[in-house]
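A.B. asks: Predicted model and sequence below, questions to follow.
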Amino acid sequence: MRRFSKAERFNGYRDIFTFEEQGLKYLAFGKAALEAGQTYRADTEQCEAVIVLLKGKATVSTGGKTWNGLGGRRTVFEGKATAVYVPCQSSFVIEAETELEVGICKAKAEKRFEPFVVYPEEVVVHRRGKKTWKREVHDIIADNADGRVHRIVLGETFNEPGSWSSYPPHKHDGEHAPEEPDLEEIYYYQVDPEQGFGVQLHYTKDGEIDDAYIVRQGDSFAIDKGYHPVAAAGGYRVYYLWFMAGPTGRTLKPYDDPDHRWLTR
């Protein structure tokens with residue numbers, strides 16, 4: 001399974017992780033980079049999708065609805081996100097009003113709902129952790145979307161310089177069900193300033209997975225199982241867009257590594 005994807009520069013749309021190559025059952029991810037006036041059209045088919053505006057302004061149309069002037073962040077570190085939910089078995093059009101970057105987050109779905117927009121003022125902000133594992137988590141499609149989406153849960157996390165997130169190390173692969181949910185996850189990273197870096201750890205207790213990746217601007221990571229803490233290098237903030245789906249519903253109850261639970265006391 002290809003779990004880590006390095007960033008590439010491109011214009012238009014590109015699949016980052018697909019169902020065929022990544023080995024996940026529920027998630028796929030792509031990104032569109034458009035110049036002002038360019039458009040991207042697609043069908044969701046068997047997936048529900050969330051279009052997350054990373055940079056710039058856009059007009060988005062789907063299901064007979066059109067929203068103009070969405071977004072406006074110059075970077076993901078400037079304000080809260082705008083996102084558009086597109087149900088399965090739908091088509092959508094994204095038109096760039098300015099230079100535009102969007103993440104297109106896909107989750108397998110059989111139930112069809114109505115499209116909607118999550119505006120910045122609707123994003124729920126959590127400040128989690130302490131000491132060197134403080135981080136800010138923005139819920140975009142979470143409890144606010146109960147009854148409005150099928151499987152997907154989505155948000156953004158911001159690590160301060162030198163700090164950790166997804167920490168103490170946790171996972172959600174269903175190994176310890178019913179205490180632990182079974183949810184796949186994908187991360188998409190950005191860094192401030194963008195020449196910086198972070199580190200993504202990934203491990204299982206049996207040692208089958210015991211990896212570390214250098215995270216740079218625009219990289220992505222697919223998580224099928226295991227613990228997955230993230231660290232930002234000194235002097236650099238690390239951001240990641242994250243989204244999850246799986247067979248156990250939309251309840252988030254991560255399972256902490258027992259060796260490190262003492263950190264939460």
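C.D. replies: Ah, there it is. Numbers count the residues shown, from 1 in each chain.
A.B. asks: Please count neighbours and contacts with C-alpha atoms only from this point.
C.D. replies: Fine.
A.B. asks: any idea how far Tyr255 is from the residue lying closest to Pro229 once chain neighbours are set aside?
C.D. replies: Spatial nearest neighbour of Pro229, excluding adjacent residues (Cα to Cα, 6 or more residues apart in numbering): Ser166 at 4.6 Å. Computed with Cα to Cα, to the nearest Å, the distance linking Ser166 and Tyr255 is 11 Å.
A.B. asks: And Phe19, by the same measure?
C.D. replies: For Phe19 relative to Tyr255 (Cα to Cα), the value is 25 Å.
A.B. asks: These two: which has the busier surroundings?
C.D. replies: Tyr255 (21 against 15; other Cα atoms under 10 Å).
A.B. asks: quick one, strands of the stretch 51-200 of the chain?
C.D. replies: 57-62, 65-71, 83-86, 91-96, 100-108, 116-118, 124-128, 135-141, 153-159, 164-165, 170-171, 184-192, 198-203 (DSSP state E, counting those that start in this stretch).
A.B. asks: Which neighbouring elements make contact with the third one?
C.D. replies: Packed against strand 83-86, as judged by 3 or more Cα pairs under 8 Å, 6 or more residues apart in numbering; DSSP states H and E, are the following elements: strand 47-55, strand 116-118.
A.B. asks: From the chain's centroid, how far away is that strand?
C.D. replies: Strand 83-86 sits 13 Å away from the centroid of its parent chain (Cα atoms, centre = their mean, to the nearest Å).
A.B. asks: Tell me the neighbouring strands of that strand, and mark each as parallel or antiparallel.
C.D. replies: In the sheet, strand 83-86 lines up against strand 47-55 (antiparallel), strand 116-118 (antiparallel) (DSSP bridges).
A.B. asks: Point out the most buried one among the helices and strands packed on strand 83-86.
C.D. replies: Ranked by mean neighbour count under mean count of other Cα atoms under 10 Å, these are led by strand 47-55, which reaches a mean of 26.
A.B. asks: Grab the nearest non-local neighbour of Ala231.
C.D. replies: That would be Trp164: by Cα to Cα, 6+ apart, it lies 4.3 Å from Ala231.
A.B. asks: from memory that neighbour sits against Ala233, does it?
C.D. replies: No - using Cα atoms under 8 Å, Trp164 makes no contact with Ala233, being 9.4 Å away.
A.B. asks: more neighbours, these two?
C.D. replies: Trp164 (27 against 19).
A.B. asks: re the thing from before, got the strands of the stretch 51-200 of the chain as TSV, with mean pLDDT and distance to Ser220 columns?
C.D. replies: Converted to TSV, these look like this (pLDDT from 0 to 100; distance: least, Cα to Cα, whole Å):
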stretch	mean pLDDT	distance to Ser220
strand 57-62	98	23
strand 65-71	97	22
strand 83-86	98	19
strand 91-96	98	22
strand 100-108	98	11
strand 116-118	98	23
strand 124-128	96	23
strand 135-141	97	18
strand 153-159	98	13
strand 164-165	97	16
strand 170-171	98	18
strand 184-192	98	4
strand 198-203	98	10
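A.B. asks: Give me the distance from stretch 124-137 to the chain's centre.
C.D. replies: 17 Å.
A.B. asks: Not counting that stretch itself, show me its contacts.
C.D. replies: Stretch 124-137 is contacted from outside by 138-140, 155-160, 162-165, 167, using Cα atoms under 8 Å, 6 or more residues apart in numbering.
A.B. asks: Tell me the one of those nearest Leu34?
C.D. replies: Glu156 (21.8 Å; Cα to Cα).
A.B. asks: Hmm, that closest one is touching Tyr240, no?
C.D. replies: Yes - between Glu156 and Tyr240 there is a contact under Cα under 8 Å: 5.7 Å.
A.B. asks: hang on, the earlier thing: from Phe158, how far out is the residue nearest to Pro229?
C.D. replies: Ser166 is 11 Å from Phe158, by Cα to Cα.
A.B. asks: Name the residue in the two with the higher neighbour count.
C.D. replies: Phe158 (25 against 20).
A.B. asks: Identify the residues contacting the nearest residue to that one once chain neighbours are set aside.
C.D. replies: Distance criterion Cα to Cα, 6+ apart; nearest residue to Phe158, sequence neighbours excluded, is Tyr239 at 4.6 Å. Residues in contact with Tyr239 (Cα under 8 Å, 6+ apart) are 76-77, 156-159, 189-191.
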